[in-house]
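> structure, please.
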Amino acid sequence: MRQGQVLQTPAFILHRQPYRDTSQIIEVFSQEQGRLGLVARGSRRPKSRLRSVLQPFSELLLSWSGRGDLKTLTDAESAAALMSLTGDRLFSGFYLNELLLRLLQRQDPHPELYTHYRQTLASLALGRHVGWSLRLFESALLEGLGYGLNLACEIHGGEVLDPDGLYEYRIHEGPTLARPEQSQGLLVHGRSLLALAGAGDAPDDTCQRELKRVLRVSLDALLGDRPLKTRQVLSSMKH
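As a prediction, the model looks like this:
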């Protein structure tokens with residue numbers, strides 16, 4: 001094997017863009033090496049075998065070579081069937097991809113997050129609790145980035161969360177008991193945070209709405225001022 005060559009490692013395509021006349025640059029999320037940029041030479045030619053293989057939401061076995069930031073794809077084959085995503089589930093898949101593109105550094109491995117991503121796509125394809133699947137992935141992403149939510153204890157006294165207690169969630173810190181007269185802040189019930197910690201079946205709608213707000217604000221703190229394109233598209237579709 002040549003130095004800088006990687007053979008048949010599991011990966012998913014996050015984004016594709018044309019490059020020169022017949023090639024494309026693909027951003028991939030690989031199980032062993034994290035996010036990578038690859039040049040797929042000739043892959044846009046009508047008769048190229050790679051043209052039909054290089055599709056999002058299908059786990060692939062990719063081979064590449066090179067030492068720079070942008071490597072050269074040398075081979076690709078399907079490792080599993082293409083996951084069928086339509087409608088909101090398709091946009092949910094693109095939302096996951098955009099999060100990974102924006103928040104992961106290149107060549108920073110996240111094997112556990114890779115497993116979460118694959119499982120989340122499978123859940124979306126089956127139409128199982130789409131919103132809850134996204135919340136679990138968002139939580140796993142924050143954990144993988146070193147910003148995991150505090151889902152166990154109140155931050156000041158260290159008391160275990162009361163399922164019926166109302167808390168103010170402070171980003172990058174955790175929950176603190178909310179004052180009865182408090183009407184502002186990121187309010188969430190203990191049972192919502194405990195449901196996310198347990199990662200079991202989907203909780204009730206109130207819990208999911210609270211967690212969606214907490215996770216969105218936590219992610220926005222990392223994303224900065226530039227909004228996610230997938231959120232903008234989904235928002236415009238609802239108006």
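
> show me which helix runs longest in this structure.
helix 205-223 (DSSP state H).

> does anything pack onto the strand ranked longest in the chain? Which helices or strands?
Ranked by residue count, the top strand of the chain under DSSP state E comes out as strand 6-19. On a contact count with 3 or more CB pairs under 8 Å, 6 or more residues apart in numbering; DSSP states H and E, strand 6-19 meets strand 23-30, strand 34-40, strand 60-65, helix 87-103, helix 111-126. Every residue, glycine included, has its C-beta placed from N, CA and C.

> now that strand against strand 60-65, angle please.
90 degrees (axes from the mean of the first three to the mean of the last three CA atoms, to 10 degrees).

> CSV for the helices and strands packed on strand 6-19, including mean pLDDT and distance to Pro163?
As requested, the helices and strands packed on strand 6-19 are exported to CSV (pLDDT from 0 to 100; distance: least, CB to CB, whole Å):
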stretch, mean pLDDT, distance to Pro163
strand 23-30, 98, 36
strand 34-40, 97, 37
strand 60-65, 97, 43
helix 87-103, 95, 29
helix 111-126, 96, 25
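
> quick one, domains of this protein?
6-78, 87-237 (automatic domain parsing).

> quick one: which of the helices and strands packed on strand 6-19 is nearest Pro46?
Evaluated over these, closeness to Pro46 peaks at strand 23-30, with 13.6 Å, by CB to CB.

> give me the buried positions along stretch 11-31.
By neighbour count on 16 or more other CB atoms under 10 Å, the buried set for stretch 11-31 is 11-16, 19, 23-31.

> pLDDT weak spots in this protein?
Along the chain, segments meeting pLDDT under 70 span 1-3, 180, 182-183, 234-239.

> mind listing what Arg231 touches?
Applying CB atoms under 8 Å, 6 or more residues apart in numbering to Arg231 gives the contacts Tyr95.

> does it sit in a helix, a strand or a coil?
Following DSSP: H, G, I helix; E, B strand; the rest coil, Arg231 is assigned to helix.

> can you check Pro175 too?
Going by three-state DSSP: Pro175 is strand.

> can you check Glu168 too?
strand.

> residues near it, how many?
By other CB atoms under 10 Å, the residues close to Glu168 number 18.

> now the closest residue to it other than its chain neighbours. Its backbone dihedrals?
In space, and not counting its chain neighbours, Glu168 is closest to Gly185: 4.2 Å by CB to CB, 6 or more residues apart in numbering. Gly185 adopts backbone torsions of phi 90, psi 180, taken as degrees, to the nearest 10.

> list the pairing partners of the longest strand of the chain within its sheet, with orientation.
Paired with strand 6-19 in the same sheet, following DSSP bridges, are strand 23-30 (antiparallel), strand 60-65 (antiparallel).

> tell me which of the ones you listed sits nearest to Leu193.
Closest to Leu193 of the strands paired with strand 6-19, according to CB to CB: strand 23-30, at 28.0 Å.

> so how far is that closest one from its chain's centroid?
Strand 23-30 has its C-alpha centroid displaced from the chain centroid by 16 Å (CA atoms, centre = their mean, to the nearest Å).

> sec struct for the residue in the chain sticking out farthest from the centre, please.
Residue farthest from the centre of the chain, counting by CA atoms, centre = their mean, is Glu181 at 36.3 Å. Look at Glu181: counting by three-state DSSP, its state is coil.

> how much space between it and Asn97?
43 Å (CB to CB, to the nearest Å).

> again with His116
Using CB to CB, His116 is found at 14 Å from Asn97.

> tell me who's in contact with Pro10.
Pro10 neighbours (CB under 8 Å, 6+ apart): Ser30, Gln31, Glu32, Glu59, Leu60, Leu61, Ala79, Tyr114.
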